[in-house]
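1. I would like to see how this sequence folds:
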Amino acid sequence: MTELVTLMLVFLGVGIGFLLTNLLVGKLFRPARPSPEKGSVYECGEPAVGSSWIQFDLRFYVVALLFVIFDVEMAFFFPWATVFGKANQLADADTPVETRAALAAEIEGRKAPEEAPTSPSPEELRASKTLAFFAFADILVFFGVLLVGFAYLWKRGDLEWVRSMAGQHESESPVPAAAAVGGGA
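-> As a prediction, this is how the structure comes out:
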């Protein structure tokens, strides 16, 4: 087995062991005294009103999913910004040679070279500019896909919380249906 697989298995075993230990300790030491009051529904300190089996509007879930998507997107922006900034520094011809060697080592995930760094070749400059371009194109595609999904939900009307009541009342007839047919008493 490789070292990475071994570390992952140890991590997984410790995590499962920690979870099971806490569940077992809780089961052994917590009191088990059920009562009707403990079994009642708790809604922010207020008594429950009505049944809990009601249909929620699907738009609540859509907005919650949108929040999660954009929240995760923001989490992806930070590592991307780090790589993009380092790639741009590496592509800059004015960056000192010592800094350039450290940046290249950080991007590649290795230690900085011990020997004295040399000035970058034109191929290395071109490669670092290409890396910066692809990092920028990558985030544009990532953000574009999210915007297309957002525009789709907006166009469908899933982001409208309250529909205008004025537009709905204008289309309805103000005369009751029985009087319109001529059957009024």
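
2. For the residue most central in space within the chain, which residues are in contact?
-> Taking Cα atoms, centre = their mean as the criterion, residue 72 is the residue nearest the geometric centre of the chain, at 2.2 Å. Listed by Cβ atoms under 8 Å, 6 or more residues apart in numbering, the contact set of residue 72 is empty. (Each C-beta comes from the backbone N, C-alpha and C, glycine too.)

3. Let me know the pLDDT of it.
-> The model reports residue 72 with a pLDDT of 83.

4. same question, the one 4 residues further on
-> If you check residue 76, the pLDDT there is 82.

5. The one 3 residues further on now?
-> Per-residue confidence for residue 79 comes out at a pLDDT of 84.

6. next one: whichever strand or helix holds it to chain centre, how far?
-> Assigned by DSSP states H and E, residue 79 belongs to helix 58-91. In this view, helix 58-91 has its centroid 7 Å away from the chain centroid, taken as Cα atoms, centre = their mean, to the nearest Å.

7. If we go by neighbour counts, what in that helix is buried?
-> 66, 83, 84, 86, 87, 88, 89, 90, 91 (16 or more other Cβ atoms under 10 Å).

8. Just the closest of those to residue 154, please.
-> Lowest distance from residue 154 to the buried residues of helix 58-91 (Cβ to Cβ) belongs to residue 66, with 10.1 Å.

9. is it true that that closest one touches residue 150?
-> Yes. Between residue 66 and residue 150 there is a contact under Cβ atoms under 8 Å: 7.0 Å.

10. Same list, the buried residues of helix 58-91, but as TSV with pLDDT please.
-> Listed next are those as TSV, based on pLDDT from 0 to 100:
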residue	pLDDT
66	80
83	81
84	83
86	83
87	81
88	82
89	82
90	79
91	78
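
11. measure the nearest residue to residue 160 once chain neighbours are set aside to residue 133 for me?
-> Nearest non-adjacent residue to residue 160, counting by Cβ to Cβ, 6 or more residues apart in numbering: residue 59, 7.7 Å away. Going from residue 59 to residue 133 by Cβ to Cβ, to the nearest Å gives 39 Å.

12. do the same with residue 91
-> From residue 91 to residue 133 the distance is 9 Å (Cβ to Cβ).

13. Just the helices from the chain, written as ranges.
-> Secondary structure of the chain (DSSP state H): helices at 3-29, 36-39, 58-91, 97-108, 122-156, 165-171, 177-181.

14. In a markdown table: those helices, plus distance to residue 51.
-> Converted to a markdown table, these look like this (distance: least, Cβ to Cβ, whole Å):
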| stretch | distance to residue 51 |
| --- | --- |
| helix 3-29 | 31 |
| helix 36-39 | 16 |
| helix 58-91 | 18 |
| helix 97-108 | 57 |
| helix 122-156 | 29 |
| helix 165-171 | 27 |
| helix 177-181 | 32 |
